[in-house]
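# Give me coordinates for this.
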Amino acid sequence: MDKILKECISDLSEFASSQAVQINWEIACKASIDADQDMLSIALHNIIENAIKYSFQGQEVIIRLQVDDTDVKITVSNYGIGIPSSQLKDVFNLYWRGNIHYGRKVIVGSGIGLTVAKLIIEQHEGFIILISSPPKQSDEKQGYFSQDDINNGLNYTTEAIVTLPLRKEDTHE
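Numbering: from 1, shown residues only. Prediction:
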């Protein structure tokens, strides 16, 4: 699992730089799962790429890999325009796109990346959840922040949390 994540980070590092976003990672352990490595790589690539796209310039995307007795948990966190709570239920719907404009930047995409990621993760007996927390000093403003808000650091914190089962012989059951 750690190898797949490191490859995704490497593949997306140039894109992150072009968006003025830094990728930081905490992958302190190795984890083995029964998986189609190529398909899982596509899912994680889509999730990390979205985190980069929806981050404000100068912010970071943080990727963490944690392992417990039965599962691997991958958390991808970013600070950006976020997802208003009223829209979280729609995020995995095919062709759904959130707020694609902020400031003068238009976020390019097709609305299929998270749908595909969720299907791949579920095929591996895992699940994904998204949590998006609005800034504490401001209301949600329908998911849009003025340039003043952005300059003052009023960023949503959004986390995609992927949980996958460890390879059976690696579990402590």
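# hey, which helix or strand in this structure has the poorest pLDDT?
Taking mean pLDDT, DSSP states H and E as the measure, the helix or strand of the chain with the lowest value is strand 101-102, at a mean of 54.
# Verify the contact between Cys29 and Gln66 for me.
Yes. In this structure Cys29 lies within contact range of Gln66 using CB atoms under 8 Å: 7.5 Å. From N, CA and C alone the C-beta is placed, and that goes for glycine too.
# who's more crowded, these two?
Set side by side, Cys29 and Gln66 show more neighbours around Gln66, with 15 against 11, by other CB atoms under 10 Å.
# who does the more buried one bridge with?
Counting by DSSP bridges, Gln66 forms beta bridges with Lys73.
# And it, how far from Ile120?
20 Å (CB to CB, to the nearest Å).
# Repeat that for Glu159.
Using CB to CB, one gets 19 Å for the distance from Glu159 to Ile120.
# Which of those two has more residues huddled nearby?
Taking other CB under 10 Å, Glu159 and Ile120 do not tie; Ile120 has more neighbours (22 against 16).
# Which strands and helices lie in contact with the helix or strand harbouring the more buried one?
In this assignment (DSSP states H and E), Ile120 forms part of helix 113-123. The contact analysis (3 or more CB pairs under 8 Å, 6 or more residues apart in numbering; DSSP states H and E) places helix 113-123 against helix 37-53, strand 127-133.
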